[in-house]
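In: Show me how the following folds:
(one chain, ligands or ions: 3)
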Amino acid sequence: MIQTKGYATHDENAKFVPFEFERRDVGPNDILIDIAYAGICHSDIHQAKNEWKDSMPTNYPLVPGHEIVGRVSQVGSDVTKFKVGDTAGIGCFVDSCRECPSCTSGQEQFCHKQAAYTYNGTEMDRVTKTYGGYSDKYVIDENYALKVNATGDLAGVAPLLCAGITTYSPLRRFKVGPGQKVGIVGLGGLGHMGVKLAVAMGAEVTVFSTSPSKEGDALALGAHHFVVTRDPANMTPLTGTFNFILDTVSADHDINPYLNLLGLGGAMVVVGVPASPNVVHSLSLIFGNKTLSGSLIGGIPETQEMLDFCAEHNITSDVEVIKPDYIETAYDRTVKADVRYRFVIDMNNA
Ligand code: NAP
Ligand code: ZN
Ligand code: ZN
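Out: Ligands and ions are numbered 1, 2, ... in the order given. This is a model prediction of the structure:
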């Protein structure tokens, strides 16, 4: 077994302390990654605080982290995709059954047996607990690790492994491109990636935000318009004008005002996971043949496609790099929407 050092919370107060645990030895198909950076996704916070206790209760101690990049330091005897020294990434899951229709169609996140989540889950044996990227190493089957070709800022690559793919996948599925008006709701970790990606795909992008102070940043990220949602009067003139809206908000909020902004045949995708359900009247969808959809991260092939797209378009996340002793403060600031636009933990010397 491989001794691993990480940072864990032992209860829903989300106080992080050093924590040692074991990872499996490197098997024939495994690679060992020395973790360089781990992004802080709001899903880490939801789970550290057990906010999804009804659907995905937290199994403490919890070592979060599913936006991971690092260097390959060991490869198993049958590994072909990686060699020692390569840069590799890990996203939200580390294994799946490999046989069901979801797995064989490259949508492993929907594995019928249930994918092995990177943390707060188990390996496919349903026994061995998984611990995430707030740690110094990870052992993963090469088929579930991503190739990272970026030579520059690795810290800015880490958030692509969740925030990047979670926004890329629905933008692609709904064929966002030139001539389309796209709204991104919430300018946080996911939202700012959504802006960069939708702009790179050629869309006209509007950011909907509760934070007036983010206007300059939104425009610098490439957005064409910025709307402060606290005043409904700002929304009314935009009724019926959008092709596609991506809602990334992590907190309870009413999605109906955004459905009103969709034009004929428009689609809205929710990726944020607020605690409370939303109520939508059928007529809000019926008038205008509108679509309301969800989206869960993305499969391995599409995650690789997204990383290659980002490398080609020079897209990385805007990050604030922190040391592990800042995790709790970073959580507090993220909850207050005071993140510009992703906290990333430097695990190099942690
Ligand atoms: P984040 O960085 O905290 O960003 C969320 C943004 O939502 C905030 O920056 C803020 O933007 C806005 N917001 C916060 N509180 C709000 C409120 N009370 N009313 C309206 N807007 C509010 O979070 P994230 O990491 O991007 O994650 C966003 C959500 O997506 C989380 O719920 C997370 O669990 C979920 N998620 C889902 C998937 C998936 O596969 N579906 C994957 C990853 C994450 P403004 O300041 O601009 O208003
Ligand atoms: Zn995430
Ligand atoms: Zn499967």
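
In: Just the helices from the stretch 251-350 of the chain, written as ranges.
Out: 256-259, 282-286, 300-312, 327-335 (DSSP state H, counting those that start in this stretch).

In: closest to ligand 1 out of the ones you listed?
Out: Shortest distance between ligand 1 and the helices of the stretch 251-350 of the chain, using Cβ to the nearest ligand atom, is found for helix 327-335: 4.6 Å. Every C-beta, even on glycine, is put in place using the N, C-alpha and C of the backbone.

In: If we go by neighbour counts, what in stretch 133-153 is buried?
Out: The neighbour-count check on stretch 133-153 (16 or more other Cβ atoms under 10 Å) flags 133-142, 144-148, 150 as buried.

In: repeat for stretch 170-181
Out: 170-172, 174, 176, 180-181.

In: closest to ligand 2 among these?
Out: Of all the buried residues of stretch 170-181, ligand 2 sits closest to residue 170, with 14.4 Å by Cβ to the ion.

In: what does the helix or strand containing the closest one contact?
Out: Using DSSP states H and E, the secondary-structure element containing residue 170 is helix 163-173. Among residues not part of helix 163-173, those counted as contacts by Cβ atoms under 8 Å, 6 or more residues apart in numbering are 39, 41, 67, 91, 182, 189-194, 197-198, 201, 244, 246, 248, 269, 271, 293, 295-298, 302-303, 305-307, 309-310, 315, 317, 342.

In: residues touching the residue in the stretch 151-300 of the chain that ligand 3 sits nearest to, list them.
Out: When scored by Cβ to the ion, the stretch 151-300 of the chain has residue 299 as its residue closest to ligand 3, at 10.6 Å. Applying Cβ under 8 Å, 6+ apart to residue 299 gives the contacts 105-109.

In: Show the buried residues in these.
Out: 107-109.

In: Serialize the residues you listed to TSV and add fields for distance to ligand 2.
Out: TSV is the format used below for the buried ones among the contacts of residue 299 (distance: Cβ to the ion, whole Å):
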residue	distance to ligand 2
107	17
108	16
109	12
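
In: Among these, find me the one that's closest to residue 45.
Out: residue 109 (20.2 Å; Cβ to Cβ).

In: Assign a three-state SS to the closest one, would you?
Out: helix (DSSP: H, G, I helix; E, B strand; the rest coil).

In: next one: phi and psi at the residue in the stretch 1-150 of the chain positioned nearest to ligand 1?
Out: Per Cβ to the nearest ligand atom, residue 42 is where the stretch 1-150 of the chain lies closest to ligand 1, at 3.2 Å. When read as degrees, to the nearest 10, the backbone of residue 42 gives phi -60, psi -20.

In: residues touching it, list them.
Out: 188-190, 250, 272, 334.

In: and with 7 Å instead?
Out: 188-189, 250, 334 (Cβ atoms under 7 Å, 6 or more residues apart in numbering).

In: do residue 4 as well
Out: 20-23, 135-137.

In: Quick check: strands, which of those residues are part of them?
Out: The members of the contacts of residue 4 that map onto strands under DSSP state E are 20-23, 137.

In: Now, of these, which are buried?
Out: 21, 23, 137.

In: Closest one of those to ligand 3?
Out: Of those, the one sitting nearest to ligand 3 (Cβ to the ion) turns out to be residue 23, at 22.7 Å.

In: any idea how far that closest one lies from residue 189?
Out: Taking Cβ to Cβ, to the nearest Å as the measure, residue 23 falls 26 Å from residue 189.

In: Taking the stretch 251-350 of the chain, what residue is nearest to ligand 2?
Out: residue 297 (7.3 Å).

In: Same check on the stretch 1-150 of the chain?
Out: Closest point on the stretch 1-150 of the chain to ligand 2, by Cβ to the ion, is residue 41, at 3.0 Å.

In: roughly how far apart are the closest residue to that residue other than its chain neighbours and ligand 1?
Out: Counting by Cβ to Cβ, 6 or more residues apart in numbering, residue 41 lies nearest to residue 162, which is 5.0 Å off, once chain neighbours are set aside. Using Cβ to the nearest ligand atom, to the nearest Å, residue 162 is found at 5 Å from ligand 1.

In: cool, residue 189 as well?
Out: Distance from residue 189 to ligand 1, by Cβ to the nearest ligand atom: 4 Å.

In: Point me to the helix or strand that includes residue 33.
Out: Applying DSSP H and E, one finds residue 33 within strand 30-39.

In: distance between that strand and the chain's centre?
Out: Relative to the mean C-alpha coordinate of its chain, strand 30-39 is positioned 17 Å out (Cα atoms, centre = their mean, to the nearest Å).

In: Identify the farthest-apart pair in the buried residues of stretch 170-181.
Out: Between all members of the buried residues of stretch 170-181, the farthest pair (by Cβ to Cβ) comes out as 172 and 181, at 17.2 Å.

In: Dihedrals phi and psi, the residue nearest to residue 41?
Out: The phi/psi pair for residue 162 (degrees, to the nearest 10) is phi -130, psi -60.

In: again with residue 10
Out: The phi/psi pair for residue 10 (degrees, to the nearest 10) is phi -100, psi -10.

In: ok, it - contacts?
Out: 60-61.

In: follow-up on the earlier one: next, the buried residues of the strand holding residue 33.
Out: 30-33, 35-39.
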